[in-house]
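> Output the structure for:
(chains A and B)
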Amino acid sequence: MRSDLSDIVMAVSGKIVRFVVYAALFAPVFIVIATSFTASATLRFPPEGFSLRWYEAALGSPQFMGALWVSVRLALAATVISLILGFAATFAADRFEFPGRAALRALLLSPLVVPMVVLGLGLLQFLAWVGLAQTFWGLLLGHILITLPYVARTLAAGTVLFDRRLEEAAMNLRAAPLTVLRRITLPLLAPSIVAAGVFAFVTSFGNITLSVFLSFGGEMTLPVQIYSYVESNYTPIIASVSTLVIVITVILLVSIEKLVGMERLR
Amino acid sequence: MASTTSRKTAESWAFRPNLAVLALVTPVVLFFVVALVFPLSGLFRASFFEGNRPYGGSGFTLDHYLRFLTDAYYGSVLLETVILAFASAVFSLLVGFPVAYSIARAEPRKRKLRMFLVVLPLTLSLVVVVFGWLVLLGGQGIVNTLLIRIGLIDEPLRFLFNQQVVVFVLVQQFLPFMILSIMSVISQIDPALEQAAANLRANRFTVFRRVIIPMAMPGILVGVTLVFILSMSAFIAPRLIGGSRVQMIGNLIFEQVIVILNWPFGAAMSFIVLTITMLLTLSINYFVAARFAKRSPGNAQ
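Below you'll find the model as predicted:
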C-alpha cells in the first residue's frame, strides 16, 4: 500500500484517539474500585490506607442491600418477560409475511427514540392513574419497555444468520413444528438469546434515568438509592456499593464472552 | 428436491399462518399500547390541564405551553440543551469512529478485550460513572492534587460545574452506543474494497473519505441519532457534574415533576422536548441522506 504524510498523520492521530478513549472509558471504573478500599472516612483519591471497612458497612446496610435485592428481582423479571415478548415478535417478523411487519420492527425499537424523561413522566402519570405508582409492578412495566429494543436488536441479528435448512431437514424427518422449535430452533438461537438476556439484565440493573421517576419514595432500585445518597452524603460506602455493582456486571459480561462471544451484542 | 422441501416447511410452519402471527404478535402489541401509547397520550392530555396539581387535573388550557414560550429563561435552557446535545453527538462521532474502525478490523483476540472495554461502561450505572468523575475532577481530586504537588498550580482548579465538563461526561457516557453502531456496520464492509482502493493508489485519507465513510453512513446515522436523543434528555450527569451552573431541560422537567409537583407544566415541557428532538433528529437524517444520495453517483464513477 502506498503511504504518504497523510497516512502517517492518520495512523498516529488514530492511536492517540484510541488511547484517550480507552483511558477515559476505563478511568471512572478504576477510580471507584480503588477508592472503595480506603481506610479513611472521606472519599478521596488516591485512597488512604487499605481496609475492607466500607464493604462491611455496605453489606451491613439494610438500605443498600434492600435496594440491591429490588434491583436484582426487577432485572430478572424484566429480562424474562422482555425475552419472551421480544422473541415472539422477532420470530414472527422473521418467519411470516404479514401487513405491518415493518411497523412491528419499528415499534420494537421505538422506546429508543423517545427521550427518557418523557417516558419517565408519562409512565409515572399513567401508573398514578391506575394506582400502581411507586410499586414494583410500575418499575417492571418501565424496565420491560427499555430493555425490549436491545433484546429485539440482538435477536434480529441472530435470526438473520440462522440456517433454516436445519429446520427443513428436521421437518423432512417428520418432526412436529413444536418439536422443531424446541429441539432445533431454540438451541441454535441460544447464543443470541443468552446475549440478549444478559444485555437486558445489565441495562435494567444499571438504569437510573427511568427508575428515578418511577421509584421515588416507593421501592428504590440500587442506582436510585446511590443517587439519593450521593445528594446528601459523601462517604466511601458509595464506592464499595458501586464496586459490588461493577463486580456483578463484569461477571455477567465475562460469562457472555465465555458462553457465546461478545460480538453478538447490538 | 429443494423446492419440495421448502414448500413442505412453509406448509408446516404456516399450518395456520394468521393464527400463529396473531398469537406471536398480540402480546407485544398489547404491551406497547399499555406501556407506551397510553402513557404518552395521557401525558399529552395532561399538558393541557388547568392548574398545577400532580394528578386529577381537568379542563383545557394552553397556559403551560404559553408559559414556556413566553419566558425567555426556558427558551435559553432549551437552546443550551440542544447545543450541548449536538456537541456531544459530534464529539462522540469524531472520537468514536476511529475506535469503531479499529475494533472492526482488529484480530479476534484483541477485538474481544477492546469490546469488553467498550461494553463495560455502557452497562455500568450512570451514577457509578459520574461518581468516578467527581472523585477524579473534584477540588480534592487526583488531578488537582497532582498539579499542586508538581507545583504547576497553587489553588485547586475548578474542573466541575461548566459546560465543557458536562459535554465531556455525556460523550464518555454515550460513546459506547456510537462505537457499537458504527462497528457493526464497518465489520460488514469487505476489507477487499479498501485494498482495491489502495491498489488504485488512493491513500488512507482518500480510502476513508470515498469508501469507508460513505459505506458506514447508516451506522454513523444510528449512532449520532442515539447519542443526540440520549443527551437531550440527560439530567443526572448535568445535575451532579454541572451543578446549578449548567441547566439542561431534563433537569427542569425533573424538578417540576419530583420537587415542585407541577405535572401539567412538566408534561407540556416534555412534549416540547419530544417535538424538538424528533424534528431535529429527522432533519439531521434527512439532510445527511439527501447529501449522501447526491454524492453517491460521483463515488460510483
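> going forward, measure contacts between C-alpha atoms and count neighbours the same way
Will do.
> Please tell me how far the helix or strand where A:Leu186 lies is from the chain's geometric centre.
Using DSSP states H and E, A:Leu186 falls within helix A:186-206. In this view, helix A:186-206 has its centroid 9 Å away from the chain centroid, taken as C-alpha atoms, centre = their mean, to the nearest Å.
> Could you list the contact residues of the stretch 51-200 of chain A toward chain B?
Residues of the stretch 51-200 of chain A that fall close to chain B, judged by C-alpha under 8 Å from any C-alpha of the partner chain: A:85-86, A:88-89, A:91-92, A:96, A:98, A:107, A:111-119, A:121-123, A:125-126, A:128-129, A:141-142, A:145, A:167-168, A:171-172, A:177, A:199.
> from these, which ones fall inside helices?
Among those, the members falling in helices (DSSP state H) are A:85-86, A:88-89, A:91-92, A:107, A:116-119, A:121-123, A:125-126, A:128-129, A:141-142, A:145, A:167-168, A:171-172, A:177, A:199.
> burial of residue 165, as a residue count?
Went with chain A since none was named. The tally of other residues near A:Arg165 (other C-alpha atoms under 10 Å in any protein chain shown) stands at 13.
> To clarify, I was referring to chain B.
By the criterion of other C-alpha under 10 Å, B:Val165 has 19 neighbours.
> what about stretch A:119-139, start to end distance?
12 Å (C-alpha to C-alpha, to the nearest Å).
> Okay, buried residues for it please.
Of the residues in stretch A:119-139, A:119-128, A:132-136, A:138-139 count as buried by neighbour count, 16 or more other C-alpha atoms under 10 Å in any protein chain shown.
> what does stretch B:206-213 give?
Neighbour-count burial for stretch B:206-213 [16+ other C-alpha under 10 Å]: B:207-208, B:210-213.
> and what of stretch A:179-190?
A:180, A:184-185, A:188.
> now do stretch B:267-276
Across stretch B:267-276, burial judged by 16+ other C-alpha under 10 Å covers B:267-274.
> Then stretch B:50-61?
With burial defined by 16+ other C-alpha under 10 Å, the residues of stretch B:50-61 counted as buried are B:50-52, B:54-55, B:57.
> That stretch - what's its average pLDDT?
Averaging pLDDT along stretch B:50-61 yields 79.
> What lies in contact with that stretch?
For stretch B:50-61, contacts defined as C-alpha atoms under 8 Å, 6 or more residues apart in numbering or on different chains pick out A:125, A:128-129, B:46, B:48-49, B:63, B:257, B:261-265.
> quick one: which of the residues you listed is nearest to B:Ile83?
Distance to B:Ile83 across those (C-alpha to C-alpha) is lowest for B:Phe265, with 23.1 Å.
> Please identify which helix or strand holds the closest one.
Applying DSSP H and E, one finds B:Phe265 within helix B:263-300.
> and that helix with helix A:116-130, angle?
Relative orientation of helix B:263-300 versus helix A:116-130 (axes from the mean of the first three to the mean of the last three C-alpha atoms, to 10 degrees): 140 degrees.
> touching chain A at all, helix B:263-300?
Yes - Helix B:263-300 comes into contact with chain A (C-alpha under 8 Å from any C-alpha), by way of B:266-267, B:270-271, B:274, B:277.
> Number of residues surrounding the nearest residue to A:Asp4 once chain neighbours are set aside?
Once flanking residues are discounted, A:Asp4 sits nearest to B:Asn203: 7.2 Å by C-alpha to C-alpha, 6 or more residues apart in numbering or on different chains. B:Asn203 has 18 neighbours, counted by other C-alpha under 10 Å.
> Below-threshold pLDDT in the stretch 51-200 of chain B: ranges please.
Flagging of the stretch 51-200 of chain B using pLDDT under 70 yields the residue ranges B:123.
> Residues of it that sit close to chain A?
For the stretch 51-200 of chain B, the contact set with chain A under C-alpha under 8 Å from any C-alpha comprises B:55, B:95-96, B:98-99, B:112, B:115-118, B:120-121, B:123-133, B:135-136, B:140-142, B:172, B:180-181, B:184, B:195, B:198-199.
> who's in contact with A:Ser6?
Contacts of A:Ser6 (C-alpha under 8 Å, 6+ apart): B:203-205.
> repeat for B:Ser270
Contacts for B:Ser270 (C-alpha under 8 Å, 6+ apart) come out as A:117-118, B:253.
> hmm, 10 Å instead?
A:115-122, B:40, B:43-44, B:47, B:233, B:249-250, B:252-254, B:264, B:276 (C-alpha atoms under 10 Å, 6 or more residues apart in numbering or on different chains).
> One more: B:Ser76?
B:Ser76 makes contacts with B:82, B:247-249, as judged by C-alpha under 10 Å, 6+ apart.
> Appreciated, that's everything.
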